[in-house]
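Trainee: Structure, please.
(chains A and B)
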Amino acid sequence: DAGVIQSPRHEVTEMGQEVTLRCKPISGHDYLFWYRQTMMRGLELLIYFNNNVPIDDSGMPEDRFSAKMPNASFSTLKIQPSEPRDSAVYFCASRGLAATDTQYFGPGTRLTVL
Amino acid sequence: AQSVTQLGSHVSVSEGALVLLRCNYSSSVPPYLFWYVQYPNQGLQLLLKYTTGATLVKGINGFEAEFKKSETSFHLTKPSAHMSDAAEYFCAVSLNAGKSTFGDGTTLTVKP
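Mentor: Purely as a prediction, here's the structure:
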């Protein structure tokens, strides 16, 4: 398996623009997680899905952030409009059904909002 | 509720010295415990995990961790540090089929 795939790897945009981050989880995994990592705040869980259904979005910082999982092999995280404080590395991770299963992380998308 | 505390956001050791990264957890039920490592410009990857059974768990790259229920700890050790061990290390706890809770991370620096 190719692992968790994220695109783009780097994104530079201007304040006010819409940003869409994409994730393809490992085939057969039941859970998908979106995280944000910054120096100031560390690793934060934004939202996670089980079988394509959002379970907990309490970590989504504002209404400017939204996430979807239209099918088992694709998820998006959208920021509209983007702000400089959204600059961070965004990770997608997927996992099997059991709590003992390992989370597999993608390589991340480094977002810079100017 | 579950939580994880990693003592020491930065640890520095000399090459060849013992590595000890501390993790304490809080959980009302027996937890599943994980250590992940993040190398620069990469995602997190699993080092080792404790689920049930033997409390001393061995992982990749010579790391091991011991689950101590009485101390609510899951410290990570390696007898001899290598330059390639320089990275950020995260302890995580998982109780049920849902999200895991990650610690704040410990950055390990290895001096030549």
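Trainee: all contacts plus neighbour counts: C-alpha atoms, from now on.
Mentor: Noted.
Trainee: near chain B, which residues of chain A?
Mentor: Residues of chain A found near chain B (Cα under 8 Å from any Cα of the partner chain) are A:31, A:42-43, A:48, A:91, A:97-100, A:102-108.
Trainee: partner residues bridging the most centrally placed residue in chain A?
Mentor: Nearest to the geometric centre of chain A sits residue A:34, at 3.2 Å (Cα atoms, centre = their mean). Beta-bridge partners recorded for residue A:34 (DSSP bridges): residue A:47, residue A:92.
Trainee: what residues are up against it?
Mentor: By Cα atoms under 8 Å, 6 or more residues apart in numbering or on different chains, the contact list for residue A:34 reads A:45-48, A:77, A:90-93.
Trainee: Go through the residues of chain A next to chain B and flag which are in helices.
Mentor: Using DSSP state H, no member of the residues of chain A next to chain B falls in helices.
Trainee: ok, those residues vs residue B:60, which is closest?
Mentor: Residue B:60 lies nearest to residue A:102 out of those, by Cα to Cα, at 14.1 Å.
Trainee: So that closest one is in contact with residue A:93, correct?
Mentor: No. Using Cα atoms under 8 Å, residue A:102 is not in contact with residue A:93, being 9.8 Å away.
Trainee: Would you map the strands across chain A?
Mentor: A:5-7, A:10-13, A:19-24, A:31-38, A:42-50, A:53-56, A:65-71, A:74-79, A:88-95, A:104-105, A:109-113 (DSSP state E).
Trainee: what's the closest of the residues of chain A next to chain B to residue B:44?
Mentor: Once Cα to Cα is applied, the member of those that ends up nearest residue B:44 is residue A:105, at 5.7 Å.
Trainee: would residue B:24 count as being in a helix?
Mentor: No. Residue B:24 is assigned strand when assessed by DSSP: H, G, I helix; E, B strand; the rest coil, not a helix.
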